[in-house]
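can't give you the sequence, but here's the structure:
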């Protein structure tokens, strides 16, 4: 299983998660278009698909087939383990 931290270390994967958190239920084609238009990333569909597979493996992306179309959703629940492991104490200033 891929480590969630390793999955989040890649900037393209973080942008994919940003896009899915803005608008869920996107197809691979829609995501590639958003990456190209909004972020000037010209990754191939195969490369984006591989990034999505890594994110799905760690639970940050859920997929669902609707006919021949595969839709992708952001799932932030695995991020709770980070907050549980390193909670931010209330009242302490962040630096």
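The structure has been received and is ready for your questions. Since this is a predicted model, take the numbers as computed values, not measurements.

Every contact and neighbour count from this point should use C-alpha atoms.
Noted.

Please identify which helix or strand holds the residue nearest the centre of the chain.
In the chain, the C-alpha nearest the mean C-alpha coordinate belongs to residue 17, at 2.9 Å (Cα atoms, centre = their mean). With the criterion set as DSSP states H and E, the secondary-structure element containing residue 17 is helix 11-22.

residues in contact with that helix?
Outside of helix 11-22, the residues that reach it under the criterion Cα atoms under 8 Å, 6 or more residues apart in numbering are 7-8, 26, 31, 34-35, 51-52, 55, 60-61, 72-74.

Could you check which helix or strand contains residue 64?
With elements delineated by DSSP H and E, residue 64 resides in strand 61-66, which encompasses its position.

in the chain, which helix or strand is least confident?
Among the helices and strands of the chain, helix 80-85 carries the lowest confidence by mean pLDDT, DSSP states H and E, at a mean of 83.

From the contact counts, what lies against that one?
Contacting helix 80-85 under the criterion 3 or more Cα pairs under 8 Å, 6 or more residues apart in numbering; DSSP states H and E is no other helix or strand.

and it, how far out from the chain's middle?
Chain-centre distance of helix 80-85: 17 Å, with Cα atoms, centre = their mean, to the nearest Å.
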